[in-house]
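Enquirer: Here is a sequence with its predicted model. Questions after.
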Amino acid sequence: MTSRKPSLKNIASVEPDEQTFHLMFEVHSAIMLLIEPLTGVILDANQAAVNFYGYPKSKLCRMSIQEINTLPAEQVALERQKALSEERDYFVFPHKLASGEERIVEVQSSPITLQEKDILFSIIHDITERERKRETIRVEDEYLLKQMVGFTEELLKTGTEQASYQKILENLLYISKAKYGILTLFNKNTGKFTTLAVAGLNDKIIKLSKILGFEPVGKEWNEYSIQNEKLKDKVVARFSSLSELSKRVLPETISRPIEKLLNMGEVAVTKVIVNDQMIGDFTLIMPAGKRFENDTLVNIYSRQLDMFMTRIIAGEALSESETMLKKVQGIARLGSWEIDLTTKTMIASDEAHRIYGVAQGSMTMAFVQSIPLPEFRPILDAALSALIKKGKSYDVEFKIQRISDGELRDIHSAAEYNAASQTIIGSVQDITDRKRSEESIHQRVLELETINRISLVMRSASKQNEMLAIVLNEALDI
C-alpha cells in the first residue's frame, strides 16, 4: 500500500475498534460522508448528512457524490483524486439538496482505511450564510469602489477654485461608512492645524457643540502630537474613542458627553500628504459598536486626494504669487503682455491695461499697435520685425496718447520671441515721470552751464557796456 495518512486503526497508540468509529460517525453533529474514491459513490452517511441533504439514508448511500456536487463531473473527479493522493484536503463546493436548493459547503476530505479498503472520509460544513455575507460585502465594496472612482473623476474635473473641502469630506464619509467626519489642515499663516470641514452633524448638534464651548469648524489646535505619534508609520491610525483621540486637547467633560450624545464609536484617522509631508488628516468616527473596515478604499481615495490637494495648494500658491505680482507691477508701473502669433491673440496684465487706459480684455495686437503716436509706429514695426525674423533685441521707447483720458505718456517696452511656440512675451512700463524728471534735470544742467559760461566770459570784460553785450549774445544763443 502506498504511503498515506495514518489509517483510523493506528491514529491512537491503542487501535480503536471500527465499531467505535462507526458509532462516533453516526452520532456526530457534523455532516459526514464515506465515499468510494474511484467511483465517487457514497458508501455511508451519518444522520447529520441525512438531515442536511434531505434524502432517505437508503437512497443517499446509493448516490454518487456527482449527483450532489453541481460542478462538472471531470472537475469533481479531479478534486477527488487530489484528496485521495493527499495533494489537497480542503475544498469549497456547491452542493444540491433533495429540495433543489443549492448550498455552499466547506469539505475536509482525507483518505482512511476501513476494512482494509481506502475510503475518502469527508467532513462537511454549511458555509452558505457566511459566503452570502461575504458576497454581499464584495458587491457592496465593488459598488463603493465605483462610487469612489466617480468621486475621483469629479475631483479631477473640478477646478481648484471650485474645490469644496466639505464635499470631499462627505465623499470620504460615504466610502468609509463612518457616521461623522472631520477635515483638519495645517494653516501656514497661523502655524496651527485648523478644522476646515465637519460632516454628519445636524444643526441641533452644532448648536449644542457651541453651548459646550466647542466650535466645530474653524477650531485651531495648539496640540496635535497624538495623531502624529500614531500616524508616524501608518496610513490609518485607530482610536477606541473620541476621548482617546482628543485627550490632550479636549477635557473629558466635553468629549465624553459628545460621545454619548452622538452615539460615537471607534475613530480612524488617515493622513493628508502633499509632497511627502503630512499637512493634515481626515478623522472618521464610526457609529457605536461598528468597526472601521474600509481601510483599503479610504487609503485609495486619500491618495487621490493627495494629488488633488497638491493642485489646490499649488493653486493657492499661484494665486498668492499673482496677487504679489500685481502689487509689484502696480508699484513699479510695470505691466506684462504675451502675443500668440498663430492666433493673433494677446493676453495682458491688469497694470498693462491701466498703462494704456483700456478696459480689461480689450487689448489686441492690432489695437496696441495703433496706440503709439504716428511718428513712433514705423520704428516699433521695424523693431518687432527684427525681433521675430533676426532675433534682435526689442527694447524701445515711444509716446502714446492714453485712451482713458487722452494724456500723453512716455512708454518703455522690452520683449523676447519664442520661435518654438511662436509667442512674444514682453513688458511695458510707464516712464513719463522719469522722463519728466530727466528733462527737468537736463534743463537745470543747461541753465547752470550757461551761467557758468557767462561768468567766465564776463571776467574778461573791463567795462559795463561790454558786460551787457556779452549777456545779450549769450541770451540770444540760448
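Expert: Cool, got the structure. Numbering: from 1, shown residues only.

Enquirer: Run through the stretch 51-200 of the chain and note the low-pLDDT ranges.
Expert: Across the stretch 51-200 of the chain, residues meeting the criterion (pLDDT under 70) sit at 144-145, 148-163.

Enquirer: Spell out the residue ranges of the strands in it.
Expert: For the stretch 51-200 of the chain, applying DSSP state E, counting those that start in this stretch gives strands covering 90-96, 102-114, 117-126, 180-187, 192-199.

Enquirer: could these go into CSV alongside distance to residue 374 and mean neighbour count?
Expert: The C-beta positions use only the backbone N, C-alpha and C, and glycine is treated the same way. Shown next, in CSV, are the strands of the stretch 51-200 of the chain (distance: least, CB to CB, whole Å; neighbours: other CB atoms under 10 Å):
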stretch, distance to residue 374, mean neighbour count
strand 90-96, 92, 15
strand 102-114, 92, 18
strand 117-126, 98, 18
strand 180-187, 56, 21
strand 192-199, 57, 19
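
Enquirer: Point out the one among those strands that comes closest to residue 371.
Expert: Nearest to residue 371, of all the strands of the stretch 51-200 of the chain, is strand 180-187, at 45.0 Å by CB to CB.

Enquirer: and the closest one, how far out from the chain's middle?
Expert: Centroid displacement of strand 180-187 relative to its chain, using CA atoms, centre = their mean, to the nearest Å, is 14 Å.

Enquirer: do the same with stretch 386-403
Expert: For stretch 386-403, the distance to the chain centre is 46 Å (CA atoms, centre = their mean).

Enquirer: Now stretch 192-200 - C-alpha only, PDB.
Expert: Extracted C-alpha coordinates of stretch 192-200, given in PDB (Å, rounded to 0.1, in the frame of the first residue of the first chain):
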ATOM      1  CA  LYS A 192      -1.700  75.800  13.600                       C
ATOM      2  CA  PHE A 193      -3.900  72.900  12.500                       C
ATOM      3  CA  THR A 194      -7.400  74.200  11.700                       C
ATOM      4  CA  THR A 195     -10.600  72.300  11.200                       C
ATOM      5  CA  LEU A 196     -12.000  73.200   7.700                       C
ATOM      6  CA  ALA A 197     -15.000  70.900   7.400                       C
ATOM      7  CA  VAL A 198     -17.200  68.700   9.500                       C
ATOM      8  CA  ALA A 199     -19.700  66.200   8.100                       C
ATOM      9  CA  GLY A 200     -22.600  64.200   9.600                       C
END
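
Enquirer: In CSV: the strands of the stretch 51-200 of the chain, plus distance to residue 428.
Expert: Putting the strands of the stretch 51-200 of the chain into CSV (distance: least, CB to CB, whole Å) gives the following:
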stretch, distance to residue 428
strand 90-96, 77
strand 102-114, 78
strand 117-126, 83
strand 180-187, 37
strand 192-199, 40
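
Enquirer: ok, residue 177 - contacts?
Expert: Contacts for residue 177 (CB atoms under 8 Å, 6 or more residues apart in numbering) come out as 286, 290, 293, 294.
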